[in-house]
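Engineer: Got a predicted structure plus its sequence, pasted below:
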Amino acid sequence: MISVEEALEVILKSIQVLGLEKVDILSSLGRVLGEDVYAPYHIPPWDNSAMDGYAVIHKDIEHASSENPSILKVVADLPAGYTYKKKLERGSALRIMTGAPIPKGSDTVVMVEDTQREGDQVKILKKLSPGENIRKAGEDVRKGTLVLPSGSIIHPAEVGMLASLKRSFISIYQRPTVAVISTGDELIDVDGDFAEGKIVSSNTYSLASLVKDTGATPLILGIAKDTPEELKNKFKVALHADMIISSGGVSVGEYDLVKDILKELGAEMKFWKVAMRPGQPLAFGVIEGKPTFGLPGNPVSCMISFEQFVRPSILKASGHKRIFRPLVEARLKEPIKKKADKKYFIRCIINVEDGMYTATTTGEQGSGILMSMVRANGLIVLPEEKTTFKTGEIVKVQLLNRGFELKENPEYY
């Protein structure tokens, strides 16, 4: 039996980053960029108006005021999307809309609020500084700038920037396909008929959902009965995926056959047990280059093992660098006792009180109580050597989601 830290090190050394593929920019959302993206031109590409108003020559308005306005002739109206081909002459103004290119000769834009239009003339009622209300070419991005380095995660702002750079397709890291196998004669599918001794295979769907949550693609292979032939066939099909997850069949029971099947298929097994609770019976190996995880059959053990080992593996294979859930300090709201020699992951509810995270357990911590995972938004991580934790003590908590920090109303007013 090895520690959680040793198991992670062994697993991540076995995970290879997948190759690149080209996709359209909308399909790249949430994925990892696989190339450096440079700006082929300035953004904006030309000086343009930051306001609706009048393009003028500063010398014509340098003494303007409401009491003594500068009066200029309006030579044309320029909406966004068009250009004024002539040079603006002294004593003239050009009605200009936000985003329209600044005409030659002009060096300042007066907001429409600071003017008064009278026929083909406009009164400038305010003195401005040269260059005011003009967005310079390259103000956002300069030509040749490295805009998005390889390894960047594509968020909506990045998609908008790529569109601005006229990059409709980009190279990103491939998403792994992850085979999901549930094992056990006692299992039925979600729409199967109940019979005495049968239970629904929740692991199939929780694991597939966890895989999708990482951005990878689950390949659900269904339920394998506890026979060597059926297990072997399922694992052979699973080899078409980039990664394999099975749940159940890795304990010490007579019908826990997964270990034997993996060996028979030539798996290079790295370990069979991890010093953690829940989740001790956990196997990891490589079959024909495919990382293979044998997770426990109990629903909570299965999900927690996925969080600690499979999730970071999928993220690494997808090109991510930051692959671990955030760990924060929280104040315990109740005492906890545990046995020594194992790292515990206690399902908990995290809140914020007086600017400090607090942690309350979800109640009974049995490895088959799936409702505890429904309630939990964090996992209290308790070290191996310590057995008693008091109310008010500061502990480490792995955040599963940060929904508790969202608000029903904005707090800026």
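Structural biologist: That came through fine.
Engineer: Without its sequence neighbours, what residue ends up closest to residue 29?
Structural biologist: Using Cβ to Cβ, 6 or more residues apart in numbering and skipping the chain neighbours, the partner closest in space to residue 29 is residue 154 (5.7 Å). Bear in mind the C-beta positions are built from the backbone N, C-alpha and C, glycine included.
Engineer: same deal with residue 260?
Structural biologist: Closest to residue 260 by Cβ to Cβ, 6+ apart is residue 228, at 7.3 Å.
Engineer: so that neighbour touches residue 259, yeah?
Structural biologist: No: if you go by Cβ atoms under 8 Å, residue 228 and residue 259 don't touch, sitting 11.6 Å apart.
Engineer: The two: who's more crowded?
Structural biologist: More neighbours surround residue 259 than the other of residue 228 and residue 259, with 19 against 11 (other Cβ atoms under 10 Å).
Engineer: What segments of the stretch 51-200 of the chain are helices?
Structural biologist: Along the stretch 51-200 of the chain, counting by DSSP state H, counting those that start in this stretch, helices occupy 156-164.
Engineer: Just the pLDDT for residue 255.
Structural biologist: The model reports residue 255 with a pLDDT of 44.
Engineer: I'd like the average pLDDT over the longest strand along the chain.
Structural biologist: Taking DSSP state E as the criterion, the chain has its longest strand at strand 343-353. Strand 343-353 carries an average pLDDT of 96.
Engineer: buried sites along it?
Structural biologist: 343-351 (16 or more other Cβ atoms under 10 Å).
Engineer: What pairs with that strand, parallel or antiparallel?
Structural biologist: Its sheet considered, strand 343-353 pairs with strand 276-277 (parallel), strand 356-361 (antiparallel), strand 378-382 (antiparallel) by DSSP bridges.
Engineer: what comes into contact with it?
Structural biologist: 3-4, 275-279, 300, 304, 308, 328, 330, 336, 338, 357-362, 365, 372-373, 375-384, 397-399, 404-405 (Cβ atoms under 8 Å, 6 or more residues apart in numbering).
Engineer: Residue 275 contacts residue 3, doesn't it?
Structural biologist: Yes: judged on Cβ under 8 Å, residue 275 makes contact with residue 3 at a distance of 5.3 Å.
Engineer: Those two: which is more packed in?
Structural biologist: Ranked by neighbour count (other Cβ under 10 Å), residue 275 and residue 3 place residue 275 first, with 17 against 14.
Engineer: what about the residue nearest to residue 130 when sequence neighbours are not counted, how many residues close to it?
Structural biologist: Distances taken as Cβ to Cβ, 6+ apart put residue 58 closest to residue 130, at 4.4 Å, once the chain neighbours are dropped. Neighbours of residue 58 under the rule other Cβ under 10 Å: 16.
Engineer: need the contact list for residue 58.
Structural biologist: Contacts of residue 58 by Cβ under 8 Å, 6+ apart are 107-108, 128-131.
Engineer: Select from these the one having the most neighbours.
Structural biologist: Greatest neighbour count in these, by other Cβ under 10 Å, goes to residue 108: 23 neighbours.
Engineer: ok, and the closest non-adjacent residue to that residue?
Structural biologist: residue 58 (4.6 Å).
Engineer: Look at the one you found and report its pLDDT.
Structural biologist: Looking at residue 58, its pLDDT is 97.
Engineer: Would you mind measuring from it to residue 52?
Structural biologist: 19 Å (Cβ to Cβ, to the nearest Å).
Engineer: got it, and residue 204?
Structural biologist: Taking Cβ to Cβ, one finds residue 204 at 58 Å from residue 52.
Engineer: Mind checking which of those two has more residues around it?
Structural biologist: Taking other Cβ under 10 Å, residue 204 and residue 52 do not tie; residue 204 has more neighbours (21 against 18).
Engineer: I'd assumed residue 220 was in contact with that one.
Structural biologist: Yes: if you go by Cβ under 8 Å, residue 204 and residue 220 touch, sitting 6.1 Å apart.
Engineer: Overlap in contacts, these two.
Structural biologist: residue 180.
Engineer: Need the residues that contact stretch 182-190.
Structural biologist: By Cβ under 8 Å, 6+ apart, stretch 182-190 touches 194-195, 197-201, 203-205, 207, 222-226, 231, 246-249, 255, 257-258, 297.
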